[in-house]
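A.B. asks: Provided below are the primary sequence and the corresponding predicted coordinates.
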Amino acid sequence: MKLSANLGYLWPDLEVLEAIQAAKEAGFEGVEFHWPYVTHALDVALAAEATGLAIVSLNTVGGDLARGDFGLAALPGRSDEARASVDKALAYAADVAAQHVHVLAGKASGAAAERAYLDTLGYAAERSATYGIGILIEPMNPVDAPGYYLDDIETAVRTIREVGSPQVRLLFDCYHIARIHGDVEPSIAAYGDLIGHVQIASVPDRNEPDTGSVDYAQVFSALDRIGYTGFIGAEYRPRSTTDRGLAWMRMLADSVS
């Protein structure tokens, strides 16, 4: 069980480099980011090297968040911006030796959005292959991300198959999948061959993964059955401080040992 700390949510009071050190001290083996771009890539790379932590993933930029953007890839008429966001993310990911880039779809719907999304992902797949970096896409539930283009796992799976590149894989966020579809294990069994990264949080509160409707000991067993060997990202909002809530790591480790 290799755990990565999502620094978009964990240790939000710390600067990125301090949060990387905190993740190491807490026992994580990797870190992942939402938007790390304000911190120079060389500094992040040196911090990762010093701590021995893997850089698991980072997102493409969200666009104009203040005006309601949440990604660009599926937005008709904004192809140039979407491709630029992919280029920026891949360049940063290469500089920090990140394993994956998560391409945010954005808020859109309809046939034009589908064409835009497939076009952007085709471009991302081609570009990422030159770097040896994976591309991730993530279904998000309509409560947390209303209007988001990719809002169920079947659409994500169909998209991956239509792009037709081994570079593009599924970011399987158990929180979102549970909010959309209920049980998590059937989706793992059905689509395990497409999973590139996994994230966890309690359902429905999105706190530490030690309460709620999803039994993560069973989820980890399901992941083991499909042969998943990647990282499991802790992407949750701490109930109190991050450090006070970390007992779940030992509890889940014990439950699957």
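C.D. replies: Received, thanks.

A.B. asks: so residue 244 sits in a strand?
C.D. replies: No - the assignment for residue 244, made by DSSP: H, G, I helix; E, B strand; the rest coil, is helix rather than a strand.

A.B. asks: in the protein, which spans are helices?
C.D. replies: 16-26, 41-51, 79-96, 111-131, 153-163, 174-181, 185-191, 216-225, 247-256 (DSSP state H).

A.B. asks: most tightly packed of those helices?
C.D. replies: A comparison of the helices of the chain by mean neighbour count, using mean count of other C-beta atoms under 10 Å, puts helix 174-181 on top with a mean of 23. Glycine gets a C-beta too; all of them are placed from N, C-alpha and C.

A.B. asks: list the contacts of it.
C.D. replies: Helix 174-181 is contacted from outside by 138-144, 151-153, 184, 187, 198-204, 206, 213-214, 216, 219, 235-236, using C-beta atoms under 8 Å, 6 or more residues apart in numbering.

A.B. asks: now with 6 Å, please.
C.D. replies: 139, 140, 141, 152, 184, 187, 200, 201, 203, 206, 214, 219 (C-beta atoms under 6 Å, 6 or more residues apart in numbering).

A.B. asks: okay, now the fourth one: neighbour count?
C.D. replies: When you say that, I think you mean residue 152. Each residue near residue 152 was counted by other C-beta atoms under 10 Å, and the total is 16.

A.B. asks: avg pLDDT for stretch 133-153?
C.D. replies: Confidence over stretch 133-153 (mean pLDDT, whole number) is 97.

A.B. asks: now do the same end-to-end measure for it.
C.D. replies: 22 Å (C-alpha to C-alpha, to the nearest Å).

A.B. asks: dump the residue contacts of residue 5.
C.D. replies: Contacts of residue 5 (C-beta under 6 Å, 6+ apart): 23, 28, 31, 234.

A.B. asks: among those residues, which ones are in strands?
C.D. replies: 31, 234 (DSSP state E).

A.B. asks: now tabulate the contacts of residue 5 in TSV and tack on pLDDT and distance to residue 118.
C.D. replies: Putting the contacts of residue 5 into TSV (pLDDT from 0 to 100; distance: C-beta to C-beta, whole Å) gives the following:
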residue	pLDDT	distance to residue 118
23	98	35
28	98	35
31	98	31
234	98	31
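
A.B. asks: which of the contacts of residue 5 ranks first by neighbour count?
C.D. replies: residue 31 (33 neighbours).

A.B. asks: dump the residue contacts of that one.
C.D. replies: By C-beta under 6 Å, 6+ apart, the contact list for residue 31 reads 4, 5, 7, 20, 23, 53.

A.B. asks: make it 10 Å
C.D. replies: Taking C-beta atoms under 10 Å, 6 or more residues apart in numbering as the contact definition, residue 31 lies against 4-7, 10-11, 16, 19-20, 22-24, 44, 47-48, 51, 53-58, 96, 98, 231, 233-234.
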